[in-house]
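# Dropping a prediction and its sequence here:
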Amino acid sequence: MTRPSGTPSPTIRIGERVVGPGRPCLVVAEAGVNHNGDLELAERLIAESAKAGADAVKFQSFRVSELILPDVVKASYQTRTSGEAESQTAMLERLAVSDDFHRRVMDLCEQHGVTYLSTPYDVASLDFLVANDVPAVKIASTDANNLWFLEYVAKCNVPVILSTGMTTLGEIQDAYRCLVDNGCQNLAILKCTSNYPTDPADVHLRAMQTLAQIFPVPVGFSDHTPAVGASPYAVALGACIIEKHLTLDRSMPGPDHAASMQPEELAELVKAVRQVENMLGSSMVGPTATEGETRRALQRALVPRRALKKGDTLSWDAVTAKRTGGRGIAAAHWNEVRDKKLSRDVELNVPLTWDAIEDPG
């Protein structure tokens, strides 16, 4: 594996938040089009995200005429969830919302204390987001190999979160190169499997670690597994960003509801992610502060097997190791006292101390 050249930041700044290895994971609730074009429903999704502890809520921004030709059929998962009576184009027209809708959603996110994010699917939508100071844009897996679009994205000088479902490693490298060469300095890459829902056997979290080895940017996970799913495990393996679809009710009509988590599952996910981060702790190896008492109570020190006299040699058969409550020379120092002579008498089962050793060194 060859790391691509370039000098993007090893972290990504999303508003006031710096995201990267060793920092708290950014949890993104993907509202997407699960608002069904209803502003009240969008606000409920935002409110539930904030209540659950999510850091950001992400929507989707698109002009249908710039996104798709009229005769394109639905993806199979869209047919399963929303039927085949209407075309993909008709479905998208039903779910598309205005710029004013997005402005209102931005205000609602601010009111609820979560970060507004969106996925632009066309240049006009991207321009709108940039003009409204969106802190980052998410590029969907469907555009991960759209170099025509990525070149424009890079030149907008906005942080980019790139999802990589359905793409080869070579395509991801090309996307990275396109973004960096055209000026993108704040970039994160998400491992993703574009199946809705994703079977656990198709998650392949090790591939996320491969991306982290190859690309010098934060790596995360766009999760389409059911319920809480794979996200906590991804955090344990180093995910800096978690993104997961949210709905108020999986039985609602629409293409993404069935593969989304519900608010109580989002709360459980956030709790699990924070617990994993807490358990990951420090990379330093050594006893924790709370182990001090246990260490004193359970670790062993050197004591005589029998009463010893001044001048006796500390051979293996003259000394043993017992728990002493922290008194005496720790058994870890055995090789330092082995074959030394005693400078004074020592009674049976009285822990050896350094002042009883001739020339302790």
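Looks like it arrived, so ask away.
# Now do the helices in this structure.
39-52, 64-67, 76-82, 88-95, 99-112, 123-131, 147-154, 169-181, 205-214, 231-236, 263-280, 292-298, 334-337 (DSSP state H).
# V276 is in contact with A236, correct?
Yes: under the criterion of C-beta atoms under 8 Å, A236 makes contact with V276 at 5.2 Å. Yep, even glycine has a C-beta here, placed from its N, CA and C like the rest.
# Which one of those two is surrounded by more residues?
In this view A236 and V276 are compared by other C-beta atoms under 10 Å, and V276 has more residues nearby, 18 against 15.
# And that one, how far from C156?
The span separating V276 from C156 equals 34 Å under the rule C-beta to C-beta, to the nearest Å.
# Skip the chain neighbours and tell me the closest residue to S61.
Across the structure, with C-beta to C-beta, 6 or more residues apart in numbering as the measure, the residue nearest S61 apart from its sequence neighbours is S125 (3.8 Å).
# follow-up on the earlier one: deepest-packed of the helices of the chain, please.
When you average the neighbours per residue for each of the helices of the chain (mean count of other C-beta atoms under 10 Å), helix 231-236 leads with a mean of 23.
# gap between that one and the chain center?
The chain centroid and the centroid of helix 231-236 are separated by 6 Å under C-alpha atoms, centre = their mean, to the nearest Å.
# quick one, domains of this protein?
Following automatic domain parsing, the chain resolves into domains at 12-280, 289-356.
# Check the average confidence over stretch 163-172, would you?
For stretch 163-172, mean pLDDT rounds to 97.
# burial count for K309?
A total of 9 residues lie near K309 under the criterion other C-beta under 10 Å.
# Now do stretch 280-289: distance from first to last residue.
From the first residue to the last, stretch 280-289 extends over 16 Å; the measure is C-alpha to C-alpha, to the nearest Å.
# can you check stretch 305-317 too?
For stretch 305-317, the separation between the terminal residues is 7 Å (C-alpha to C-alpha).
# show me what contacts the closest residue to V203 other than its chain neighbours?
What sits nearest to V203 in space, not counting adjacent residues and going by C-beta to C-beta, 6+ apart, is A230, at 4.9 Å. Listed by C-beta atoms under 8 Å, 6 or more residues apart in numbering, the contact set of A230 reads T198, P200, V203, L205, F221, D223.
# State the distance from A230 to A56.
With distances defined as C-beta to C-beta, the gap from A230 to A56 amounts to 19 Å.
# A31 too?
Using C-beta to C-beta, one obtains 10 Å as the distance from A31 to A56.
# Those two: who's more crowded?
A side-by-side neighbour count of A31 and A56, using other C-beta under 10 Å, places A31 first with 28 against 24.
# wait, what's in contact with that one?
A42, L45, I46, S49, V57, K58, F59, L246 are the contacts of A31 under C-beta under 8 Å, 6+ apart.
# residues near G220, how many?
30.
# Please tell me I have it right and it contacts I189.
Yes: in this structure, G220 sits in contact with I189. The criterion is C-beta under 8 Å, and the distance is 7.5 Å.
# Strands of the stretch 251-361 of the chain, start to end?
Per DSSP state E, counting those that start in this stretch, the stretch 251-361 of the chain carries strands over the ranges 300-304, 319-323.
# Return the distance of stretch 126-141 from the chain's centre.
Mean-position distance between stretch 126-141 and its chain equals 21 Å (C-alpha atoms, centre = their mean).
# Would you mind giving me the confidence score for E84?
The per-residue confidence score, pLDDT, reads 68 for E84.
# thinking again about what came up before, okay if I get the strands of the stretch 251-361 of the chain as TSV plus mean neighbour count, mean pLDDT and distance to L342?
As requested, the strands of the stretch 251-361 of the chain are arranged in TSV below (neighbours: other C-beta atoms under 10 Å; pLDDT from 0 to 100; distance: least, C-beta to C-beta, whole Å):
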stretch	mean neighbour count	mean pLDDT	distance to L342
strand 300-304	20	97	9
strand 319-323	15	97	11
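# Which among these is found nearest to S163?
strand 300-304 (53.9 Å; C-beta to C-beta).
# Return the list of helices and strands in contact with that closest one.
In this structure, strand 300-304 makes packing contacts with strand 319-323, judged by 3 or more C-beta pairs under 8 Å, 6 or more residues apart in numbering; DSSP states H and E.
# what angle separates the strand it packs on from strand 300-304?
Between the axes of strand 319-323 and strand 300-304, defined by axes from the mean of the first three to the mean of the last three C-alpha atoms, to 10 degrees, the angle is 140 degrees.
# if you skip the residues just before and after it, what's nearest to L248?
Distance criterion C-beta to C-beta, 6+ apart; nearest residue to L248, sequence neighbours excluded, is R44 at 6.0 Å.
# Let me know how buried the closest residue to R103 other than its chain neighbours is, in neighbour terms.
If you skip the residues right next to it in sequence, R103 has N132 as its closest partner in space, 6.9 Å away by C-beta to C-beta, 6+ apart. Neighbours of N132 under the rule other C-beta under 10 Å: 13.
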